[in-house]
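Enquirer: I'd like to go over a predicted model; first the sequence, then the structure.
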Amino acid sequence: MVQMTDFRMTLKYEARDIAYAEQHRATELKRAITLLDERKAKLLTELDEAVSARARRDSYHPIIDDTYQCPVCWIKKSEQSPLVPSARSSDDDSYRCRLCEHEVIHEM
Ligand SMILES: [Zn+2]
């Protein structure tokens with residue numbers, strides 16, 4: 001009878017340990033799902049931007065008020081950003097966007 005009681009306790013302790021381990025696993029799984037949700041939200045935003053980029057292609061104006069405009073900022077973010085001259089090569093005209101750092105070389 002004493003042995004049976006001990007074995008019942010052994011099984012109870014084992015059940016407790018298994019439950020602890022599952023609780024820990026549940027916490028890790030919740031964390032992993034949260035990270036996936038954040039990643040999914042970021043990808044959906046990028047998808048929206050990529051889908052709407054084609055529509056902005058036709059509304060891109062390379063020059064506004066005699067200033068060249070960054071194609072990256074317009075197509076990707078729908079923002080007007082001037083390209084400013086950045087003298088790197090004496091043979092070519094080089095322009096850089098201050099917002100996204102995109103560089104365009106106008107070969108002479
Ligand atoms: Zn830009």
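Expert: That came through fine. Numbers count the residues shown, from 1 in each chain.

Enquirer: Beta-bridge partners for the nearest residue to Cys70 once chain neighbours are set aside, please?
Expert: Counting by C-beta to C-beta, 6 or more residues apart in numbering, Cys97 is the residue found nearest to Cys70 once chain neighbours are left out, at 3.8 Å. Any C-beta I mention is one placed from the backbone N, CA and C, and that applies to glycine too. For Cys97, the beta-bridge partners are Leu83 (DSSP bridges).

Enquirer: For stretch 29-49, which outside residues touch it?
Expert: Identification of contacts with stretch 29-49 by C-beta atoms under 8 Å, 6 or more residues apart in numbering yields 76-77.

Enquirer: Swap in 10 Å and give it another go.
Expert: With C-beta atoms under 10 Å, 6 or more residues apart in numbering as the test, stretch 29-49 has contacts from 56, 75-78.

Enquirer: For Glu103, name its beta-bridge partners.
Expert: Arg96.

Enquirer: From the ion, how far out is Arg54?
Expert: 18 Å (C-beta to the ion, to the nearest Å).

Enquirer: Give me the distance from the stretch of helix or strand that residue belongs to to the chain's centre.
Expert: Using DSSP states H and E, the element containing Arg54 is helix 2-57. Relative to its chain's centre, helix 2-57 lies at 21 Å (C-alpha atoms, centre = their mean, to the nearest Å).

Enquirer: Do me a favour and average the pLDDT over that helix.
Expert: Averaging pLDDT along helix 2-57 gives 94.

Enquirer: After that helix, heading C-terminal, what element do we hit next?
Expert: In N-to-C order, the element after helix 2-57 by DSSP H and E is strand 63-64.

Enquirer: what sits up against that following strand?
Expert: Against strand 63-64 from outside (C-beta under 10 Å, 6+ apart): 69, 80, 82-83.

Enquirer: switch the cut-off to 8 Å
Expert: 69, 80.

Enquirer: now do stretch 7-26
Expert: For stretch 7-26, using C-beta under 8 Å, 6+ apart, there are no contacting residues.

Enquirer: The ion contacts on this protein?
Expert: 70, 72-73, 81, 97, 99-100, 102 (C-beta under 5 Å from the ion).
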